[in-house]
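Peer 1: Got a predicted structure here, sequence first:
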Amino acid sequence: MLTGLTHMHSLLRWVILILLIYTLIRSFQGKAGKEAKFLTITSHIMLLIGLAQWFLGSWGLKLIQNVGMGEVMKNASQRFFAVEHTFTMIIAIALITVGGVSVRKGKSNAKWFYLIALILILMRIPWPFMEAGVARGWFPGMAT
């Protein structure tokens, strides 16, 4: 089950990035609409999958319970998944949600929420070129 969640989480990253970039462009044009709703829904699904991984998998809550928060914070790869990736993505999804609400209300500030969310997401995706222990493949099942 966790392998399937991991693969789904990894595939959805591309969907989110494409939707976010498209919605960001449309927001700067002042034309964002349904794509903002699809982005919000997809990001919330991604959040649920990520939280399931954090609570059920070995890189989140179980890791903190087993070795302690102090030890997790000393190890870069453990800290990345247990703390940095998780909380940065929660903040990014909150910004996407606020951006979606701004689009629905017709406000022009949605683009800034989307831009900040994109920057945060790009910073905390475990890209293949990141340090050992953090790096993940471009697509599910691919080696780094």
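Peer 2: Sure, I can see it. Numbering: from 1, shown residues only.
Peer 1: buried set for the longest helix along the chain?
Peer 2: In the chain, ranked by residue count with DSSP state H as the criterion, the top helix is helix 2-29. Residues 5-6, 8-10, 12-13, 16, 19-20, 23-24, 26-27 are the ones in helix 2-29 that count as buried (16 or more other C-beta atoms under 10 Å). (Glycine included, C-beta is placed from N, CA and C.)
Peer 1: Need those residues in TSV (columns: pLDDT).
Peer 2: Shown next, in TSV, are the buried residues of helix 2-29 (pLDDT from 0 to 100):
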residue	pLDDT
5	92
6	91
8	94
9	94
10	93
12	95
13	95
16	98
19	98
20	98
23	97
24	97
26	96
27	96
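Peer 1: residues making contact with stretch 101-112?
Peer 2: 24, 27-28, 30, 32-33, 36-37, 99-100, 113 (C-beta atoms under 8 Å, 6 or more residues apart in numbering).
Peer 1: mind running it again at 7 Å?
Peer 2: 24, 27-28, 30, 32, 36, 99, 113 (C-beta atoms under 7 Å, 6 or more residues apart in numbering).
Peer 1: before we move on, what about stretch 40-55?
Peer 2: 2, 5-6, 8-9, 12, 15-16, 19, 60-61, 86, 89, 93, 96-97, 100.
Peer 1: Now do that stretch: distance to the chain's middle.
Peer 2: How far stretch 40-55 lies from its chain's middle: 8 Å, per C-alpha atoms, centre = their mean, to the nearest Å.
Peer 1: before we move on, the earlier item: buried sites along the helix or strand following the longest helix of the chain?
Peer 2: Per DSSP states H and E, the first helix or strand lying C-terminal to helix 2-29 is helix 34-56. Buried residues in helix 34-56, defined by neighbour count with 16+ other C-beta under 10 Å: 35-36, 39-40, 42-43, 46-47, 49-50, 52-54.
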